[in-house]
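*Asks:* Here is the input, now give the coordinates:
(one chain, ligands or ions: 1)
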Amino acid sequence: MHPHIEDYALIGDHQTAALVSNRGSIDWLCLPRFDSAACFAALLGDEENGHWRIAPRGADACTRRAYRHDTLVLDSEWETDEGTVRVTDLMPQRDRSPDVVRLVEGLDGRVTVRSTLRLRFDYGSVVPWMRRSDGHRVAVAGPDAVWLRSEPEVLTWSEGRATYAEFPVERGDKVALVLTWHPSHEPRPRLLDPYESLRSSLDDWRSWAGRCRYDGPYRDTVVRSLITLKALTYEPTGGIVAAATTSLPEEIGGVRNWDYRHCWLRDSTLTLGALLSCGYQEEAEAWRDWLLRAVAGDPADLQVMYGLAGERRIPENELPWLAGYEGSRPVRIGNDAVRQTQLDVYGEVIDSLALSRRSGLPTKPHMWRMQSALMEYLRSVWRKRDEGLWEVRGPRRHFTHSKVMAWVAADRAVRTLEMEPKLSGDLDGWRALREEIHHEVCERGFDADRNTFTQSYGSRELDASLLLIPVVGFLPPDDPRVVGTVDAINAELSHDGFVRRYSSDHRPAASSIDGLPGSEGAFLVCSFWLADALHLTGRTEEACELFERLVGLVNDVGLLAEEYDPVAGRQLGNFPQAFSHVGLVGTALALFDGDEAG
Ligand SMILES: OC[C@H]1O[C@H](O[C@H]2O[C@H](CO)[C@@H](O)[C@H](O)[C@H]2O)[C@H](O)[C@@H](O)[C@@H]1O
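*Replies:* All right, here's what the predicted structure looks like:
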């Protein structure tokens, strides 16, 4: 049986990340970057698509597992009839080549441990040649080479298309297995000391977590979310991926399977807010600089997402040889939403640049030039229809949230000019634009009969993004239209507080809101937004109660996917997802830190 999504833990080295199941199997790893081809893709198929399992011979899931406190170093322990053994997994901070370090330690008795390695380059499709060299194993195919070594050396053998090792460990015995990737045309990289890399990983993560300025309730859960956001950050450029995976389904067996290993402006700007609120100025500045580089150029060419280094082409392709997570096909790489128009992005970018100014991040000379150019461009396009923040694949509409975010752009630009009169810009014009957008949204995006804002102009559909109206300051929380909208969403889109983005009840693709067949789970960030809105509208007790339930959804190691199926009680969608963790941090701050971060 395939592990559930919540059965996975994440390890990473700030350039890529791996998913380790509770059976001790690394089922997902892309090398050398988050968006490179996977060499372990069992997550989206089966073991034949690549994985690396280390566990006691014959054992299934581990007895317990946990990250070492405030780090991304994972300990999994098995208690067996023979004894107890621990496997510690980590990816050390990248020096030259990516490494996966797996440390086996006997805790009790005498346990026979088995390592099963199936390397499959190019998303599970290429079986490399395996040979021995200097007592190590090396796998080569095309551009990729991977070395496997152990310390002390253990006997390995190949059988079928897998490489095995089997060795006994007694209390105090330690065996380190290290897998190292490098471009196949280059010489073998230097060998690292696995125990030294464990020590420095623990130190690095603990000193990073120690910088967190949040000290309220659920601190460990908040710090775990921040560690996860940090692990989703591509250190060389500061870009932040939306999640570590592609194609984990929003509906088991369905087609809503997307590649999230790219940098969305929307998801990343929200991440920037969370990091800044918790004292992580350096990361926020690195991302802000990534943003300035990525979006430089004609504002008309602004994209909704970019590659890790700001690349613009992210074409969507299907990988037909992968069966998909529990049969959820197609498996996609790249994301065609890159070509969409999503007007909210202007609001998010201008808002985050304004936030970075207010938070005292050192400004860059061209920052304001870019903001005002984006503002001028938005003035010419805000009346257009778009695909909206949910990236619908159906027809374009006048999404109310997109217009609200256009208002946010104008509002933040006006406020920046008011605070810094030395900057130049069309203050009167932008004030007038802000008024005009506000008026239009209240006229055309509001259903007076039902006392709620609606998903798009003239529609009767609701949309969870409208919960952000009081958070971004479009209307005060006590405005009856806000209260009515929160009530309507709570009544119609939420199942016990678990909020759907919009209604997607198995309509055929042609009549569905997003142009896709099938349904999906509750969108976790929207559920946190409901808690924020309840709190803002004075229902703090309900907000705290909902937050507690949402925090209860994190898996045994504190991670959240994009969505949750409240009926099946399973996490759904890409994993772990930045959006969900940003939601958790934002709501914790809003409820317990006197901070209204959204
Ligand atoms: O549901 C359809 C769309 O789903 C994905 O978009 C979602 O994820 C993005 C990244 O986290 C997020 O920014 C967006 O708001 C979400 O709707 C997918 O990337 C799209 O291609 C797809 O159309």
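
*Asks:* where's Asp259 relative to Arg110, distance?
*Replies:* 45 Å (CB to CB, to the nearest Å). Glycine gets a C-beta too; all of them are placed from N, C-alpha and C.

*Asks:* Between these two, tell me which one has more neighbours.
*Replies:* Neighbours were counted for Asp259 and for Arg110 using other CB atoms under 10 Å; Asp259 has more, 23 against 13.

*Asks:* In contact with the more buried one, which residues?
*Replies:* Thr246, Ser247, Ile314, Glu316, Arg332, Ile333, Gly334, Asn335 (CB atoms under 8 Å, 6 or more residues apart in numbering).

*Asks:* number of nearby residues for the residue lying closest to Asp447 once chain neighbours are set aside?
*Replies:* Using CB to CB, 6 or more residues apart in numbering and skipping residues adjacent in sequence, the residue nearest Asp447 is Thr454, 5.1 Å away. Taking other CB under 10 Å as the criterion, the count of residues near Thr454 is 21.

*Asks:* gap between Thr454 and the ligand?
*Replies:* 18 Å (CB to the nearest ligand atom, to the nearest Å).

*Asks:* in terms of contact, does that residue touch Arg460 like I think?
*Replies:* Yes - the criterion here is CB atoms under 8 Å, and Thr454 meets it with Arg460 at 6.5 Å.

*Asks:* Find the residues that touch each one of those two.
*Replies:* Common neighbours of Thr454 and Arg460, using CB under 8 Å, 6+ apart, are Asp447.

*Asks:* Just among the contacts of Asp259, which is most surrounded?
*Replies:* So for the contacts of Asp259 (other CB under 10 Å), the most neighbours sit at Thr246, 28 neighbours.

*Asks:* Could you find the closest non-adjacent residue to that one?
*Replies:* Nearest non-adjacent residue to Thr246, counting by CB to CB, 6+ apart: Asp259, 3.8 Å away.

*Asks:* And the pLDDT at the closest residue to the ligand within the stretch 351-500 of the chain?
*Replies:* Going by CB to the nearest ligand atom, the ligand is nearest to Glu391 of the stretch 351-500 of the chain, at 3.7 Å. Looking at Glu391, its pLDDT reads 96.

*Asks:* Could you check how far the closest residue to it other than its chain neighbours is from Gly388?
*Replies:* Once flanking residues are discounted, Glu391 sits nearest to Ala337: 4.2 Å by CB to CB, 6+ apart. Counting by CB to CB, the gap from Ala337 to Gly388 is 11 Å.

*Asks:* So for those two, which residue has more residues nearby?
*Replies:* Gly388 (29 against 21).

*Asks:* wait, is that one part of a strand?
*Replies:* No - with DSSP: H, G, I helix; E, B strand; the rest coil as the criterion, Gly388 is assigned coil and is not in a strand.

*Asks:* Look up how far Thr485 lies from it.
*Replies:* Taken as CB to CB, the span from Gly388 to Thr485 is 17 Å.

*Asks:* same check, this time on Ser225
*Replies:* 27 Å.

*Asks:* what does Asn257 give?
*Replies:* 31 Å.

*Asks:* More neighbours: which of the two?
*Replies:* The residue with more neighbours, out of Asn257 and Thr485, is Thr485; 28 against 23, by other CB under 10 Å.

*Asks:* ok now do that one, which residues does it touch?
*Replies:* Asn451, Thr452, Phe453, Leu466, Leu467, Ile469.

*Asks:* Among those residues, which pair sits farthest apart?
*Replies:* The most widely separated members of the contacts of Thr485 are Asn451 and Leu467, with 15.2 Å between them, by CB to CB.

*Asks:* And the longest helix along the chain, what does it pack against?
*Replies:* In the chain, ranked by residue count with DSSP state H as the criterion, the top helix is helix 400-419. Counting contacts by 3 or more CB pairs under 8 Å, 6 or more residues apart in numbering; DSSP states H and E, helix 400-419 packs against helix 344-358, helix 367-381, helix 427-444, helix 468-471.

*Asks:* And the ones you listed: which comes nearest Ser197?
*Replies:* Once the helices and strands packed on helix 400-419 are compared by CB to CB, helix 344-358 is nearest, at 33.8 Å.

*Asks:* buried ones in the closest one?
*Replies:* Buried residues in helix 344-358, counting neighbours by 16 or more other CB atoms under 10 Å, are found at 344-357.

*Asks:* what's the angle from it to helix 400-419?
*Replies:* 30 degrees (axes from the mean of the first three to the mean of the last three CA atoms, to 10 degrees).

*Asks:* and helix 344-358, anywhere near the ligand?
*Replies:* No - if you take CB under 6 Å from any ligand atom as the test, helix 344-358 misses the ligand, and the best it gets is 9.0 Å.

*Asks:* and Asp487, helix, strand or coil?
*Replies:* For Asp487, the assignment made with three-state DSSP gives helix.

*Asks:* Number the residues from 509 up from this point.
*Replies:* Right, with 509 as the first residue, what we last looked at is Asp995.

*Asks:* which residues are in contact with stretch 1050-1060?
*Replies:* For stretch 1050-1060, contacts defined as CB under 8 Å, 6+ apart pick out 726, 729, 1004-1005, 1032, 1035-1036, 1038-1040, 1042-1043, 1092, 1095-1096, 1099.

*Asks:* Filter these down to just the buried residues.
*Replies:* The neighbour count (16+ other CB under 10 Å) marks 726, 729, 1005, 1032, 1035-1036, 1038-1040, 1042-1043, 1092, 1095-1096, 1099 as buried among the contacts of stretch 1050-1060.

*Asks:* Just these: which are in helices?
*Replies:* Short answer: the buried ones among the contacts of stretch 1050-1060 in helices (DSSP H) are 729, 1032, 1035-1036, 1038-1040, 1042-1043, 1092, 1095-1096, 1099.

*Asks:* ok, so of the contacts of stretch 1050-1060, who is nearest the ligand?
*Replies:* Nearest member of these to the ligand, counting by CB to the nearest ligand atom, is Leu1032, at 11.0 Å.

*Asks:* Tell me who's in contact with the residue lying closest to the closest one once chain neighbours are set aside.
*Replies:* Leaving aside its sequence neighbours, Leu1032 sits nearest to Ser1088 (CB to CB, 6+ apart; 4.1 Å). Counting by CB under 8 Å, 6+ apart, Ser1088 touches Leu1032, Val1033, Phe1036, Leu1068, Ala1069, Glu1070.

*Asks:* Counting neighbours, which of the contacts of Thr993 end up buried?
*Replies:* Thr960, Phe961, Leu974, Leu975, Ile977.

*Asks:* quick one, what contacts the fourth one?
*Replies:* By CB under 8 Å, 6+ apart, the residues touching Leu975 are Thr993, Val994, Ile997, Val1007, Cys1034, Trp1037, Leu1038, Asp1040, Ala1041.

*Asks:* rerun that using 6 Å as the cut-off
*Replies:* Counting by CB atoms under 6 Å, 6 or more residues apart in numbering, Leu975 touches Trp1037, Leu1038, Ala1041.

*Asks:* what bridges to the residue lying closest to the second one once chain neighbours are set aside?
*Replies:* Counting by CB to CB, 6+ apart, Leu1038 lies nearest to Val1007, which is 5.1 Å off, once chain neighbours are set aside. Val1007 has the following beta-bridge partners by DSSP bridges: Ser1002.

*Asks:* pLDDT score for Val1007?
*Replies:* 97.

*Asks:* same thing with Met638?
*Replies:* With respect to pLDDT, Met638 has a value of 91.

*Asks:* contacting residues for it?
*Replies:* Ala647, Ser666, Thr671.

*Asks:* The last one sits in which helix or strand?
*Replies:* The secondary structure element spanning Thr671 is strand 670-678 (assigned by DSSP states H and E).

*Asks:* Run through who's touching the helix or strand following that strand.
*Replies:* Where DSSP H and E defines the elements, the next helix or strand beyond strand 670-678 is strand 682-691. If you take CB under 6 Å, 6+ apart as the criterion, strand 682-691 is touched by 539, 605-613, 651, 653-659, 697, 702.

*Asks:* All set now, cheers.
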